[in-house]
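Asks: What shape does this take:
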Amino acid sequence: MVAVDLQRLSEEGLCYQQLHRPSVEGGVKHQLRRPSVEPERRHQSRQHSVPAGHHELRWPTTARHTSSSKGMPQNRPQQTRKKLQVIICVLIVELFERFTFFGIVCNMILFCTVKLGYDYYQAATVNLCFVGASTLTPVLVGWFAETCLGRTKVLYLCALLHLFGTAMLPVVAFPFEDFYIDTHNMLHQLEPHEQQTLFYTGLLAAALGIGGIRAILCPMGAYNLQGYDQHQLLSFFNWFYWLVNLNSTVVFLGIAYIQQSVANNLGFLIPFMSVLLMIIAIHMVRNNLTFRPKKGGSLLNTLGVFLNSLKMCCLHYRHLSGDVASWLDRAKENNGGRYSETHVENVKVLVRLFPLYGLQLLYRACVTQIPSGYYIQTMNSNLHLNSFLLPIAAMNVISILPLLLLAPLMECVTSCCLSMEKSTFSPARVITLGHACAALSVLVAGLSEVHRKGFPLKDQALSGKVLQVSSMACFHLAPQYILLGLAEALVTPACSLISFHLTPSHIRGISLHFLTLSYGGGCFLGALLTQLVYLLSGGNFYPNTLHEGNLEHFFFFLATLMAINTLVFWRISYRYLDLSVVQSRAVGNSLLAEKLLQYKTCLRFYDTMECSYRKTSLETIL
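Replies: Numbers count the residues shown, from 1 in each chain. So this is what the prediction gives:
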């Protein structure tokens, strides 16, 4: 279905009618006419531009113009319904995608330790690597879709990979030993190496599928955020992550209980069923769900500036002479490089954000303790609430509650400050406070581990296996979850705001890509720290039996690193305090380009014509 710019078309048609309208006094004085070839030429060009299988847009002739203009308002309700349909479908797809993702993540450690026989550090590493891969693949798959195969083909390919990956997990989890016995009473089951092969193949395929679906169906660059001030952008990011975490709350409560208590092995069929529903949704509205964000710079061009600058610096020291203000200026065409001055200046603006991205690595490694270190602590605590066995992943909901409560509260505080003409906290200070909360959370986790080991042991059945756990109630671990959830509520929207607001419009997608890469890199950094601590301590700091080891030392070590990370960010946070000053120092050419491209800030549908309607604030947030 072609998305038509009705407002612009009606304005052009009105001008066309006025040009042909005779004078009221009955003469033809000042009457202007277009050449008769022009409408026909526009009609032919518009006809050739319409893809096959789409509705054809006919340019109105003079004789038909009155009737067509009267019919224009009748199409606007239909267009509004289509916009609403797109919003609903995107929300449904995000729901199914989150359902499948958290269905895999929320109990992977329990599955790896009970079913596959992994140690705790191995299970935590696998879980963190899967989360990191699922975070990085949207950037890589999005680039591949834009440059190589095309968005529609990549979408269907990723949907098939996602279906294949989630289908592998039930194969590994299904209890073949209970059902697959032949006539000779011989037991058939998967060998350990076969289980691991299917398991890792399924995880890799699912990670690629998740990345493609996130990159093509729900890219951040597709939202209409141009022209928003700092407070409007912060409001958008607060409510955006609020919706994401509201979805996560439902998923964690539902899937975790089904996987752990109702059907331990069959719970992995839930991601498979969710993918089926997601594919049906994509098939129903495939043209409307596949929308394209505004084009800008690419990761390859940005990396090419760095490589060309290094190359020219080497040539400078060997053969050339002359000094430049920055080593990146060597990549400019007037200095012998390959890139334009505007492109290099935009990359220099992006380089200012690299300290922010780098310091998010360790913070993200702390956040990933929720599906790794904190999960293991909860797994070895008393999960019984009277006669009800709480799912382990239900503790994740406690970390989400601060964000669900803090986002509306921050909106109220910001609105009150704006109405009273008072300044609010800068995003850099909010990030510093969030990093301090993360360091405090990991410190509290270490103290809670010391407190947990002081309780006597008891037997507890998890997924059909009896484990010896501490008799301390799992709710004693709630403070560390709350602090880390508070940190996430403060840091994530503020980082997105700084990354978006400090860069010119056509490289804001690249800026958000680098922020996503830092998040994924933090997951892999957490896995690397887990492996290093286990190897250097001989397994004592990340033990397989918690009451015989010292897991609290790992948390204290991580808290020390995070405290140093917080101090470093506090020292450099002055660079990001005043966003308006930095924005005013942006590249002059890019600012002019932003003004010229203001009318292109609408949501663009792939393989369709432009649409310049304005969206309401609620539609923009959704």
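Asks: Low-confidence regions, the stretch 251-400 of the chain specifically.
Replies: 255-270, 272-273, 277, 280-298, 316-324 (pLDDT under 70).
Asks: And the strands in it?
Replies: 291-292, 384-385, 388-389 (DSSP state E, counting those that start in this stretch).
Asks: Each with direction, which strands does the second one pair with?
Replies: Looking back up the chat, that one is strand 384-385. The pairing partners recorded for strand 384-385 under DSSP bridges are strand 388-389 (antiparallel).
Asks: so where does the closest residue to residue 142 other than its chain neighbours fall, helix or strand?
Replies: Spatial nearest neighbour of residue 142, excluding adjacent residues (Cβ to Cβ, 6 or more residues apart in numbering): residue 215 at 3.5 Å. Glycine gets a C-beta too; all of them are placed from N, C-alpha and C. Take DSSP states H and E as the rule and residue 215 turns out to sit in helix 192-217.
Asks: now that helix: mean pLDDT?
Replies: Averaging pLDDT along helix 192-217 yields 85.
Asks: which strands and helices sit next to it?
Replies: Where contact means 3 or more Cβ pairs under 8 Å, 6 or more residues apart in numbering; DSSP states H and E, helix 192-217 is packed against helix 65-105, helix 120-144, helix 151-173, helix 269-284.
Asks: Quick check: which of those helices is buried the most?
Replies: Highest mean neighbour count of the helices and strands packed on helix 192-217: helix 120-144, a mean of 22 (counted as mean count of other Cβ atoms under 10 Å).
Asks: So which elements touch that one?
Replies: Helix 120-144 sits against helix 65-105, helix 108-114, helix 151-173, helix 192-217, helix 299-318, helix 373-379, helix 508-536, with contacts defined as 3+ Cβ pairs under 8 Å, 6+ apart.
Asks: Nearest to residue 234 among these would be which one?
Replies: Judged by Cβ to Cβ, the one of the helices and strands packed on helix 120-144 that comes nearest to residue 234 is helix 508-536, at 15.0 Å.
Asks: could I have the helix or strand just after that closest one exported to CSV, CA atoms only?
Replies: Next helix or strand after helix 508-536 toward the C-terminus (DSSP H and E): helix 551-572. These are the backbone C-alpha positions of helix 551-572, laid out as CSV (Å, rounded to 0.1, in the frame of the first residue of the first chain):
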residue,chain,number,x,y,z
LEU,A,551,31.4,-15.4,45.7
GLU,A,552,31.3,-12.2,47.8
HIS,A,553,35.0,-11.5,46.8
PHE,A,554,33.9,-11.3,43.1
PHE,A,555,31.2,-8.8,44.0
PHE,A,556,33.6,-6.7,46.1
PHE,A,557,36.1,-6.7,43.2
LEU,A,558,33.5,-5.6,40.8
ALA,A,559,32.2,-2.9,43.2
THR,A,560,35.8,-1.5,43.4
LEU,A,561,36.1,-1.4,39.6
MET,A,562,32.7,0.3,39.3
ALA,A,563,33.6,2.9,42.0
ILE,A,564,36.7,3.8,40.0
ASN,A,565,34.6,3.9,36.8
THR,A,566,32.2,6.3,38.5
LEU,A,567,35.0,8.6,39.7
VAL,A,568,36.4,8.8,36.2
PHE,A,569,33.1,9.6,34.6
TRP,A,570,32.5,12.3,37.3
ARG,A,571,35.8,13.9,36.3
ILE,A,572,35.0,14.1,32.6
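Asks: hang on, the earlier thing: could you export the helices and strands packed on helix 192-217 to TSV, including columns for distance to residue 241?
Replies: Shown next, in TSV, are those (distance: least, Cβ to Cβ, whole Å):
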stretch	distance to residue 241
helix 65-105	12
helix 120-144	15
helix 151-173	23
helix 269-284	22
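Asks: quick one: residue 411 and residue 235 touch, right?
Replies: Yes: taking contacts as Cβ atoms under 8 Å, residue 411 lies within contact range of residue 235: 6.2 Å.
Asks: quick one, which of the two is more surrounded?
Replies: The neighbour comparison of residue 411 against residue 235 (other Cβ atoms under 10 Å) goes to residue 235, with 21 against 16.
Asks: Buried residues, whatever helix or strand the more buried one lives in. List them.
Replies: Assigning secondary structure by DSSP H and E places residue 235 in helix 230-257. Using 16 or more other Cβ atoms under 10 Å as the test for burial, helix 230-257 gives 230, 233-242, 245, 247-249, 251-257.
Asks: Run through the neighbouring helices and strands of it.
Replies: Counting contacts by 3+ Cβ pairs under 8 Å, 6+ apart, helix 230-257 is packed against helix 65-105, helix 395-419, helix 478-501, helix 617-621.
Asks: if you set the cut-off to 6 Å instead, what comes out?
Replies: helix 65-105, helix 395-419, helix 478-501 (3 or more Cβ pairs under 6 Å, 6 or more residues apart in numbering; DSSP states H and E).
Asks: Next, the closest residue to residue 196 other than its chain neighbours: secondary structure please.
Replies: Closest residue to residue 196 apart from its sequence neighbours, by Cβ to Cβ, 6+ apart: residue 116 at 7.0 Å. Counting by DSSP: H, G, I helix; E, B strand; the rest coil, the backbone at residue 116 sits in coil.
Asks: Got the confidence number for residue 116?
Replies: Confidence score, pLDDT, at residue 116: 86.
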